[in-house]
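Asker: Make a model of this:
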Amino acid sequence: MDEDYPRTLLEFEDRFRTEEACWAYLVRLRWPDGFRCPRCGCGTAWSVPRRLFQCRGCDAMVSVTAGTIFHRSHLPLRVWFRTMWWVTNQKSGLSALGLQRALGLGSYRTAWTGLQKLRRAMVRPGRERLTEAVEVDEIFVGGVEPGKGKRHLGETKALVAVAAEVRDQGIGRIRLQRIPNASEASLGGFVQRVVEPGAVVITDGWTAYPGLADHGYRHRPRTVSGSGQSASTLLPRVHRVAALLKRWLLGIHQGAVAREHLDAYLDEFTFRFNRRLSRHRGKLFYRLLQQAVVMTPTPYKRLVLEKSAHGKT
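Answerer: Residues are numbered from 1 along each chain as shown. Sure thing, here's the model as predicted:
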């Protein structure tokens, strides 16, 4: 399927005004080369009532939403599509409460659950690792708990590893990940997951980083102590990303993100940042929908239990 997506709100509204139009678009996106049965691999099927396909090979009844984030959802595809359009067309994102009000959804929980599922779809499986030169550092996200030190990781604070590609004086792609501590295992593992071997990895002088050379990276540490420069000067890109992330969490979500849910918000921020220069916001809608149909569904019950345990986020 070619990159076929609406460019404007009016085009979106006209194109996806019916459930049938949304369903047909999803079919073409999921099976661009024609139907493929997820059970037996057969490439032919009959269309049967309730927008199902009956596989000619094994007679299985297959829904285009099965095995995607829309799996067993009670929301119409029209609502899902509109939600995705709103999410991708708000440059800074929006909260569940903002989405509920914008779309007139029946409950906060419906809006929150939909957003959480979409955030999990914002990381493309098998995405490429960062290349060339990459700055890496770790930052604290969240407030200080009463009676605890500023480096204490409690219910409200988390440690996040940040990697940002060096592109001349600017920033290329980024990667963010919550890590349990600043050990060599945690930071080294993060670098290996997100940075291509052979790249130059620029860090501060923290003792957790020297082993990077053993894994094929060209390590360029920049020591703050005795340099007369701040960490933000020596590693300007990761600190710029960190500042933008904290401002985004505070502005859109009032900083009220439970540590257990932080990974999903980091994925959303990464998705938005890496596509910040996209000319057409409709393309972001297309990319998110592309990823939504290949993502394993997140059980609704698990999301609700997390929300009940940790409050609104």
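Asker: all contacts plus neighbour counts: C-alpha atoms, from now on.
Answerer: OK.
Asker: where do the strands sit along this protein?
Answerer: Secondary structure of the chain by DSSP state E: the strands cover 45-48, 52-55, 61-63, 133-142, 157-167, 170-179, 200-203, 218-221.
Asker: Rounded mean pLDDT for the first one, please.
Answerer: Spelled out, that is strand 45-48. Confidence over strand 45-48 (mean pLDDT, whole number) is 88.
Asker: contacts for it?
Answerer: Under the contact criterion Cα atoms under 8 Å, 6 or more residues apart in numbering, strand 45-48 has outside partners 35, 53-57.
Asker: Weed out the non-buried ones from these.
Answerer: When the contacts of strand 45-48 are checked for burial by 16 or more other Cα atoms under 10 Å, the buried set is 35, 53-55.
Asker: May I see those organised as JSON lines, with distance to residue 285 added?
Answerer: Shown next, in JSON lines, are the buried ones among the contacts of strand 45-48 (distance: Cα to Cα, whole Å):
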{"residue": "35", "distance to residue 285": "23"}
{"residue": "53", "distance to residue 285": "26"}
{"residue": "54", "distance to residue 285": "29"}
{"residue": "55", "distance to residue 285": "30"}
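Asker: Next, count neighbours for the closest residue to residue 271 other than its chain neighbours.
Answerer: Computed as Cα to Cα, 6 or more residues apart in numbering, the closest residue to residue 271 that is not its neighbour in sequence is residue 122, at 5.9 Å. Per other Cα atoms under 10 Å, the neighbour tally for residue 122 reads 24.
Asker: surely residue 122 meets residue 274?
Answerer: No: with contact defined as Cα atoms under 8 Å, residue 122 and residue 274 do not form a contacting pair (11.0 Å).
Asker: sorry, back to before: to residue 293, which of the strands of the chain lies closest?
Answerer: Smallest distance to residue 293 across these (Cα to Cα): 11.6 Å, for strand 61-63.
Asker: May I see the buried residues of the closest one?
Answerer: Within strand 61-63, the residues that qualify as buried by neighbour count (16+ other Cα under 10 Å) are 61-63.
Asker: do stretch 16-23 as well
Answerer: With burial defined by 16+ other Cα under 10 Å, the residues of stretch 16-23 counted as buried are 16, 22-23.
Asker: would TSV of those with pLDDT and distance to residue 291 be doable?
Answerer: TSV is the format used below for the buried residues of stretch 16-23 (pLDDT from 0 to 100; distance: Cα to Cα, whole Å):
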residue	pLDDT	distance to residue 291
16	95	19
22	95	16
23	94	16
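Asker: Check those residues against residue 114 and report the nearest one.
Answerer: When the buried residues of stretch 16-23 are ranked by distance to residue 114 (Cα to Cα), residue 22 comes first, at 17.0 Å.
Asker: give me every residue that touches that closest one.
Answerer: Counting by Cα under 8 Å, 6+ apart, the residues that residue 22 touches are 16, 77-78, 81.
Asker: let's see it at 6 Å
Answerer: With contact set as Cα atoms under 6 Å, 6 or more residues apart in numbering, residue 22 has these partners: residue 16.
Asker: tell me which of the buried residues of stretch 16-23 is nearest to residue 279?
Answerer: Closest approach to residue 279 among the buried residues of stretch 16-23 (Cα to Cα): residue 16, at 21.5 Å.
Asker: Once you drop chain neighbours, what's closest to that closest one?
Answerer: The spatially closest residue to residue 16, leaving aside those adjacent along the chain, is residue 22, at 5.6 Å (Cα to Cα, 6+ apart).
Asker: What's opposite the residue nearest to residue 238 when sequence neighbours are not counted in the beta bridge?
Answerer: In this structure, residue 238 finds its nearest non-sequential neighbour in residue 164, 5.8 Å apart by Cα to Cα, 6+ apart. Applying DSSP bridges to residue 164 gives these bridge partners: residue 135, residue 174.
Asker: From residue 129, how far out is residue 164?
Answerer: When distance is defined by Cα to Cα, to the nearest Å, residue 164 is 11 Å away from residue 129.
Asker: out of those two, which sits in the more crowded spot?
Answerer: A count of neighbours by other Cα under 10 Å puts residue 164 above the other of residue 164 and residue 129, at 29 against 15.
Asker: Contact partners for the more buried one?
Answerer: With contact taken as Cα under 6 Å, 6+ apart, residue 164 is in contact with 134-135, 174, 238.
Asker: got the residues you listed as CSV, with pLDDT, neighbour count and distance to residue 95 columns?
Answerer: Conversion of those to CSV gives the following (pLDDT from 0 to 100; neighbours: other Cα atoms under 10 Å; distance: Cα to Cα, whole Å):
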residue, pLDDT, neighbour count, distance to residue 95
134, 97, 29, 31
135, 96, 24, 30
174, 97, 24, 23
238, 95, 28, 25
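Asker: That's all I had, so thanks and see you.
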